[in-house]
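Peer 1: Next comes the sequence, and after it the predicted model I'd like to discuss.
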Amino acid sequence: MKQNRSGVTENISVSMPSELVSELRSRTGRRGLSGYVTEAVRHQLAMDGLAEIVAAHEEEHGALTEQEIEAARRELFADEHTERGAA
């Protein structure tokens, strides 16, 4: 394990389709590959966590309605839409 700005790191080996590796390297260069993959995994873990929260809520309260989903979307992304409209 190594220490860096993000804390302790560990080298791992992963396998993925060659075309993904090629695209990944073309987007990141060799030096940014670990950071890119780290952020992608961090994002996916956050999405998994949100899915678990929604599943637990729906198990207790029933499925979310389209109106509830749209209200949450407006609340979460209101600033983003405002910024886009102002640009």
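Peer 2: Received, thanks.

Peer 1: Which stretches in the protein count as helices?
Peer 2: 18-61, 66-86 (DSSP state H).

Peer 1: among the ones you listed, which is nearest Val8?
Peer 2: Closest approach to Val8 among the helices of the chain (Cβ to Cβ): helix 18-61, 12.8 Å. Any C-beta I mention is one placed from the backbone N, CA and C, and that applies to glycine too.

Peer 1: for that closest one, the distance to its chain's centre please.
Peer 2: Centre-to-centre, helix 18-61 and its host chain are 4 Å apart (Cα atoms, centre = their mean, to the nearest Å).

Peer 1: what does stretch 52-70 give?
Peer 2: 20 Å.

Peer 1: on that earlier part again, okay, the helices of the chain in CSV with mean neighbour count and mean pLDDT next?
Peer 2: Formatted as CSV, the helices of the chain follow (neighbours: other Cβ atoms under 10 Å; pLDDT from 0 to 100):
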stretch, mean neighbour count, mean pLDDT
helix 18-61, 11, 94
helix 66-86, 10, 79
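
Peer 1: Turn those into TSV, columns for distance to Gly7.
Peer 2: Below are the helices of the chain laid out as TSV (distance: least, Cβ to Cβ, whole Å):
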stretch	distance to Gly7
helix 18-61	11
helix 66-86	29
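
Peer 1: Out of these, which is closest to Thr9?
Peer 2: Nearest of these to Thr9, taken as Cβ to Cβ: helix 18-61 at 8.0 Å.

Peer 1: gap between the residue nearest the centre of the chain and Glu60?
Peer 2: The C-alpha lying nearest the average C-alpha coordinate of the chain belongs to His43 (Cα atoms, centre = their mean; 2.1 Å). As judged by Cβ to Cβ, to the nearest Å, His43 and Glu60 stand 27 Å apart.

Peer 1: before we move on, what about Glu75?
Peer 2: Computed as Cβ to Cβ, the Glu75 to Glu60 distance reads 21 Å.

Peer 1: can you check Ser26 too?
Peer 2: Ser26 sits 45 Å away from Glu60 when distances are taken as Cβ to Cβ.

Peer 1: next one: Ala46
Peer 2: Distance, Ala46 to Glu60, using Cβ to Cβ: 22 Å.
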